[in-house]
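Trainee: Okay, predicted coordinates and the sequence, questions at the end:
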Amino acid sequence: MEYRELGKTGERISCVGMGTWKLGYNPDAEIAALREGISLGINFIDTAKMYHSEGAVGMAIKGEDVFIATKVSPDHFAYDDVIKACNRSLKELGIKAIDLYQLHWPNPNIPIKETMRAMEHLAKLGKIRHIGVSNFSVEEMIEAQDALKSEEIVSNQVEYSPFVREIVDHLGDFCREEKITMIAYSPLGKGELSKLKQTRTFPVLYRIGVHHGKSPFQVAISWLISKEDVVPIPKAASIAHVRENVQAVELKLSKTEIEEIDEAEDRSIRPIASRLTGFTRRTTSFWSSIMEKRERLRKHGV
């Protein structure tokens with residue numbers, strides 16, 4: 001496994017992490033998958049209150065030295081709600097401090113200064129170690145950073161893959177200049193293979209994969225890893241998936257292959273954040289509440 005620095009923190013996290021969105025269909029297998037990833041050198045696991053997977057992550061990491069990232073939902077951005085949400089996440093995860101606490105989506109209905117004041121209070125208490133954001137634009141990141149007095153934003157988690165690159169057009173240069181790590185969620189295009197095969201990108205990934213004896217999705221992960229400021233977090237749904245993701249680290253794409261993938265970009269699949277921009281900016285709290293309700297119903301088989 002290879003490791004890289006998170007922002008300017010000095011923290012070394014694995015160049016590929018494990019995502020936990022939509023876990024919960026098979027808890028035993030999913031916990032086993034997370035533990036397999038840890039045994040193979042992955043030390044970075046991402047979860048969120050909205051995912052309802054913090055409990056499973058907590059069970060998987062018992063006795064392990066790993067870097068845990070979780071998120072506070074935008075409907076909990078008021079000062080007291082941030083504190084309460086953090087305490088609940090700590091309890092679910094079974095840890096004393098969250099390594100990276102992230103704002104899950106922007107919420108224009110609550111002043112960012114209030115939210116960041118709570119985040120810095122948590123940092124002073126030692127309950128969180130670093131502050132990150134997710135799905136924030138450059139302007140929103142600047143506003144969030146300006147609201148901090150003693151801490152810095154170290155990461156922005158965004159949808160990024162060979163199939164979805166729109167958000168990076170706007171964020172890439174800024175994050176590189178500020179040494180802010182981009183954590184790439186849905187790095188395999190949300191696994192919608194039938195749609196992905198219709199893109200310009202998939203045939204290129206497939207051809208390069210055949211040349212190296214790897215799957216197109218391993219090529220996709222390797223392409224993301226080739227960007228020094230990016231850490232992909234493919235979902236850890238099974239031991240087989242985790243092993244495949246780790247094996248992607250071994251694949252070293254040539255400069256020509258990286259350029260081929262760069263040039264194969266198309267706009268056939270738009271990022272979640274882009275598709276929902278207007279809606280999320282107006283009704284983020286309502287939307288996140290609905291998402292959480294859907295997750296609870298799903299977990300109960302409704």
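Mentor: Sure thing, it's come through. Residues are numbered from 1 along each chain as shown.
Trainee: Mind jotting down where the helices sit in this protein?
Mentor: Using DSSP state H, the helices of the chain run over 27-39, 54-60, 79-93, 112-125, 138-146, 166-178, 193-196, 201-212, 216-225, 239-250, 255-263, 272-275, 277-299.
Trainee: what about the last one, average pLDDT?
Mentor: When pLDDT is averaged along helix 277-299, the result is 52.
Trainee: what's the answer for the second one, then?
Mentor: For helix 54-60, the per-residue pLDDT values average out at 94.
Trainee: Please enumerate residues in contact with that helix?
Mentor: 20, 23-24, 27, 30-31, 34-35, 38, 45, 47-48, 68, 70, 89, 92-95 (C-beta atoms under 8 Å, 6 or more residues apart in numbering). The way it works is simple: take the backbone N, C-alpha and C, and place the C-beta from them, glycine included.
Trainee: now swap in the fifth one and tell me
Mentor: Counting contacts by C-beta under 8 Å, 6+ apart, the residues outside helix 138-146 that touch it are 103, 106, 112, 116, 133, 136, 152-153, 156, 170-171, 174, 180.
Trainee: ranking the helices of the chain by burial, who's on top?
Mentor: Of all those, helix 216-225 has the most neighbours on average by mean count of other C-beta atoms under 10 Å, namely a mean of 25.
Trainee: got the angle for that one vs helix 201-212?
Mentor: Orientation of helix 216-225 against helix 201-212 (axes from the mean of the first three to the mean of the last three C-alpha atoms, to 10 degrees) gives an angle of 100 degrees.
Trainee: Pull helix 216-225 out as CSV, backbone CA atoms only.
Mentor: Backbone C-alpha positions of helix 216-225 (Å, rounded to 0.1, in the frame of the first residue of the first chain) are rendered in CSV as follows:
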residue,chain,number,x,y,z
PRO,A,216,-11.4,-1.2,-16.3
PHE,A,217,-12.4,-0.2,-12.8
GLN,A,218,-8.9,-1.0,-11.5
VAL,A,219,-7.6,1.3,-14.3
ALA,A,220,-10.1,4.0,-13.1
ILE,A,221,-8.8,3.8,-9.5
SER,A,222,-5.2,3.9,-10.7
TRP,A,223,-5.9,7.0,-12.8
LEU,A,224,-7.3,8.8,-9.8
ILE,A,225,-4.3,7.7,-7.7
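Trainee: pLDDT on that helix, on average?
Mentor: The predicted model assigns helix 216-225 a mean pLDDT of 96.
Trainee: cool, stretch 247-265 as well?
Mentor: What stretch 247-265 shows for mean pLDDT is 94.
Trainee: And the pLDDT at the nearest residue to residue 128 once chain neighbours are set aside?
Mentor: Excluding the flanking residues, the one nearest residue 128 by C-beta to C-beta, 6 or more residues apart in numbering is residue 101, at 4.1 Å. Looking at residue 101, its pLDDT reads 98.
Trainee: how close does residue 101 get to residue 210?
Mentor: Distance of residue 101 to residue 210, computed by C-beta to C-beta, to the nearest Å: 42 Å.
Trainee: what's the answer for residue 70, then?
Mentor: As judged by C-beta to C-beta, residue 70 and residue 210 stand 38 Å apart.
Trainee: Same check on residue 88?
Mentor: Between residue 88 and residue 210 the distance is 47 Å, computed by C-beta to C-beta.
Trainee: now swap in residue 243 and tell me
Mentor: Separation of residue 243 from residue 210 (C-beta to C-beta) stands at 20 Å.
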